[in-house]
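A.B. asks: Whatever this is, show me its structure:
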Amino acid sequence: MILPVIKYGSPLLRRRASEIDKGDPFTELASNMSLTLKQAKGIGLAGPQVGVLKNIIIIDTSPFMDEGIVTVEKAYFNPVILNCSDSMETYNEGCLSIPEIHEDIMRPDKIEVRYRDEHFEWHEEVLDGIVARIFQHEYDHLQGVLFIDHLNTVKKMLIRNKLKEIKSTFK
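C.D. replies: As a prediction, this is how the structure comes out:
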(Lines give C-alpha, C1' and ligand atoms only; values in the text may rest on other atoms or scores of the structure.)
Protein backbone atom coordinates (compact mmCIF):
# COMPACT_ATOMS: atom_id res chain seq x y z
CA MET A 1 0.00 0.00 0.00
CA ILE A 2 1.34 3.42 -0.98
CA LEU A 3 1.57 5.72 2.06
CA PRO A 4 1.24 9.51 1.96
CA VAL A 5 4.56 11.33 2.37
CA ILE A 6 4.40 13.97 5.10
CA LYS A 7 5.55 17.40 3.90
CA TYR A 8 7.53 20.15 5.57
CA GLY A 9 5.35 21.99 8.07
CA SER A 10 4.03 18.89 9.77
CA PRO A 11 5.08 18.73 13.43
CA LEU A 12 5.64 14.97 12.96
CA LEU A 13 8.85 15.70 11.04
CA ARG A 14 10.29 17.41 14.14
CA ARG A 15 9.52 14.60 16.58
CA ARG A 16 11.87 11.79 17.57
CA ALA A 17 10.91 8.31 16.51
CA SER A 18 10.80 5.43 18.99
CA GLU A 19 12.17 1.91 18.96
CA ILE A 20 10.37 -0.79 17.03
CA ASP A 21 9.30 -3.68 19.26
CA LYS A 22 9.49 -7.27 18.07
CA GLY A 23 5.66 -7.48 18.15
CA ASP A 24 5.17 -4.43 15.90
CA PRO A 25 4.04 -5.12 12.30
CA PHE A 26 7.39 -3.78 11.06
CA THR A 27 7.79 -6.03 7.99
CA GLU A 28 4.44 -4.83 6.59
CA LEU A 29 5.45 -1.23 7.30
CA ALA A 30 8.77 -1.79 5.52
CA SER A 31 6.98 -3.26 2.50
CA ASN A 32 4.57 -0.32 2.32
CA MET A 33 7.40 2.19 2.72
CA SER A 34 9.39 0.48 -0.05
CA LEU A 35 6.41 0.73 -2.40
CA THR A 36 5.95 4.38 -1.42
CA LEU A 37 9.63 5.12 -2.05
CA LYS A 38 9.58 3.49 -5.50
CA GLN A 39 6.37 5.30 -6.46
CA ALA A 40 7.89 8.63 -5.37
CA LYS A 41 11.13 7.80 -7.26
CA GLY A 42 13.13 8.48 -4.10
CA ILE A 43 16.23 6.83 -2.67
CA GLY A 44 15.50 6.94 1.05
CA LEU A 45 12.55 7.15 3.42
CA ALA A 46 12.19 7.21 7.21
CA GLY A 47 9.20 6.33 9.38
CA PRO A 48 8.30 9.92 10.38
CA GLN A 49 8.02 10.85 6.68
CA VAL A 50 5.01 8.55 6.37
CA GLY A 51 3.52 9.58 9.71
CA VAL A 52 4.94 6.63 11.67
CA LEU A 53 7.16 7.67 14.57
CA LYS A 54 9.13 4.43 14.57
CA ASN A 55 12.84 3.82 13.92
CA ILE A 56 12.77 2.48 10.39
CA ILE A 57 14.81 3.51 7.36
CA ILE A 58 14.31 2.29 3.80
CA ILE A 59 17.12 2.71 1.26
CA ASP A 60 16.79 2.01 -2.46
CA THR A 61 19.67 3.03 -4.71
CA SER A 62 18.14 1.51 -7.86
CA PRO A 63 17.53 4.99 -9.37
CA PHE A 64 21.36 5.24 -9.61
CA MET A 65 21.70 1.93 -11.47
CA ASP A 66 22.59 3.68 -14.75
CA GLU A 67 25.41 5.52 -12.97
CA GLY A 68 27.17 2.26 -12.08
CA ILE A 69 26.23 2.38 -8.39
CA VAL A 70 25.53 -1.00 -6.81
CA THR A 71 21.83 -1.40 -6.08
CA VAL A 72 20.94 -1.58 -2.40
CA GLU A 73 17.30 -2.13 -1.45
CA LYS A 74 17.15 -2.57 2.29
CA ALA A 75 15.15 -1.89 5.44
CA TYR A 76 16.98 -0.91 8.63
CA PHE A 77 15.05 -1.31 11.89
CA ASN A 78 16.17 0.51 15.07
CA PRO A 79 19.29 1.83 13.33
CA VAL A 80 22.15 3.43 15.24
CA ILE A 81 25.23 5.23 13.95
CA LEU A 82 28.15 3.91 15.99
CA ASN A 83 31.06 5.80 14.41
CA CYS A 84 31.69 8.37 11.70
CA SER A 85 34.86 8.91 9.69
CA ASP A 86 36.74 12.17 10.04
CA SER A 87 36.74 12.67 6.28
CA MET A 88 33.76 14.62 5.03
CA GLU A 89 32.09 14.81 1.65
CA THR A 90 29.63 17.28 0.15
CA TYR A 91 26.62 16.11 -1.81
CA ASN A 92 23.59 17.90 -3.19
CA GLU A 93 20.71 16.52 -1.11
CA GLY A 94 16.98 16.72 -1.54
CA CYS A 95 14.08 15.26 0.41
CA LEU A 96 10.66 13.85 -0.45
CA SER A 97 9.25 15.84 2.48
CA ILE A 98 10.78 19.09 1.20
CA PRO A 99 10.12 18.98 -2.54
CA GLU A 100 12.00 21.14 -5.03
CA ILE A 101 14.75 22.14 -2.60
CA HIS A 102 18.25 20.74 -3.10
CA GLU A 103 21.31 21.96 -1.22
CA ASP A 104 24.91 20.91 -0.73
CA ILE A 105 25.30 19.17 2.63
CA MET A 106 28.57 18.03 4.17
CA ARG A 107 28.54 14.67 5.98
CA PRO A 108 31.06 11.97 6.94
CA ASP A 109 31.82 9.78 3.92
CA LYS A 110 31.94 6.54 5.94
CA ILE A 111 29.92 5.38 8.93
CA GLU A 112 29.68 2.28 11.10
CA VAL A 113 26.08 1.33 11.87
CA ARG A 114 24.06 -1.19 13.85
CA TYR A 115 20.50 -2.18 12.97
CA ARG A 116 17.98 -4.99 13.16
CA ASP A 117 16.94 -6.90 10.05
CA GLU A 118 13.52 -8.29 9.07
CA HIS A 119 14.12 -11.26 11.43
CA PHE A 120 14.82 -8.77 14.25
CA GLU A 121 18.47 -9.84 14.43
CA TRP A 122 21.26 -7.31 15.04
CA HIS A 123 23.85 -6.51 12.37
CA GLU A 124 26.81 -4.15 12.25
CA GLU A 125 28.38 -2.90 9.06
CA VAL A 126 30.40 -0.08 7.57
CA LEU A 127 28.62 2.02 4.97
CA ASP A 128 30.26 4.41 2.54
CA GLY A 129 29.43 6.39 -0.57
CA ILE A 130 25.82 7.10 -1.45
CA VAL A 131 24.46 4.48 0.98
CA ALA A 132 26.23 6.17 3.92
CA ARG A 133 24.85 9.52 2.72
CA ILE A 134 21.27 8.26 2.46
CA PHE A 135 21.50 6.46 5.81
CA GLN A 136 22.65 9.64 7.58
CA HIS A 137 19.93 11.74 5.94
CA GLU A 138 17.22 9.26 6.95
CA TYR A 139 18.72 8.74 10.41
CA ASP A 140 18.39 12.50 10.93
CA HIS A 141 14.66 12.15 10.24
CA LEU A 142 14.41 9.68 13.12
CA GLN A 143 15.88 12.38 15.38
CA GLY A 144 13.51 15.10 14.13
CA VAL A 145 16.29 16.74 12.10
CA LEU A 146 15.88 17.83 8.46
CA PHE A 147 18.68 18.26 5.93
CA ILE A 148 17.98 21.99 5.81
CA ASP A 149 18.99 22.18 9.49
CA HIS A 150 22.58 21.57 8.34
CA LEU A 151 22.59 24.77 6.25
CA ASN A 152 24.24 27.97 7.34
CA THR A 153 22.14 31.06 8.09
CA VAL A 154 22.63 32.63 4.65
CA LYS A 155 21.50 29.47 2.82
CA LYS A 156 18.47 29.20 5.13
CA MET A 157 17.54 32.78 4.31
CA LEU A 158 17.77 32.05 0.58
CA ILE A 159 15.30 29.15 0.76
CA ARG A 160 12.96 30.75 3.34
CA ASN A 161 10.26 31.66 0.79
CA LYS A 162 10.27 28.19 -0.78
CA LEU A 163 9.91 26.66 2.68
CA LYS A 164 7.00 28.97 3.49
CA GLU A 165 5.33 27.90 0.25
CA ILE A 166 5.74 24.20 1.07
CA LYS A 167 4.54 24.80 4.63
CA SER A 168 1.42 26.61 3.35
CA THR A 169 0.33 23.43 1.55
CA PHE A 170 0.48 21.42 4.79
CA LYS A 171 -2.99 20.64 6.07
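A.B. asks: how much space between the residue nearest the centre of the chain and residue 116?
C.D. replies: The structure's the chain has its C-alpha centroid closest to residue 138; by C-alpha atoms, centre = their mean the separation is 2.1 Å. Separation of residue 138 from residue 116 (C-beta to C-beta, to the nearest Å) stands at 15 Å. To be clear about C-beta, it is placed using only N, CA and C from the backbone, and glycine gets the same treatment.
A.B. asks: Is the residue sitting furthest away from the middle of the chain in a helix, a strand, or coil?
C.D. replies: Distance from the C-alpha centroid of the chain peaks at residue 154, with 24.2 Å (C-alpha atoms, centre = their mean). Secondary structure of residue 154, reduced to three states by DSSP: H, G, I helix; E, B strand; the rest coil: helix.
A.B. asks: For it, which residues are in contact?
C.D. replies: Residue 154 makes contact with no residue, according to C-beta atoms under 8 Å, 6 or more residues apart in numbering.
A.B. asks: List the contacts of residue 27.
C.D. replies: Counting by C-beta under 8 Å, 6+ apart, residue 27 has contacts residue 118.
A.B. asks: Which strand or helix spans it?
C.D. replies: Element membership for residue 27 (DSSP states H and E) is helix 26-40.
A.B. asks: buried residues in that helix?
C.D. replies: The neighbour-count check on helix 26-40 (16 or more other C-beta atoms under 10 Å) flags 26, 29-30, 32-34, 36-38 as buried.
A.B. asks: Quick check: next helix or strand after it?
C.D. replies: Taking DSSP H and E, what comes next after helix 26-40 is strand 44-46.
A.B. asks: Within its sheet, name the partner strands of that next one and how each one runs.
C.D. replies: Strand 44-46 pairs in its sheet with strand 56-60 (antiparallel), by DSSP bridges.
A.B. asks: what angle do the strand it pairs with and helix 26-40 make?
C.D. replies: If you take axes from the mean of the first three to the mean of the last three C-alpha atoms, to 10 degrees, strand 56-60 sits at 40 degrees to helix 26-40.
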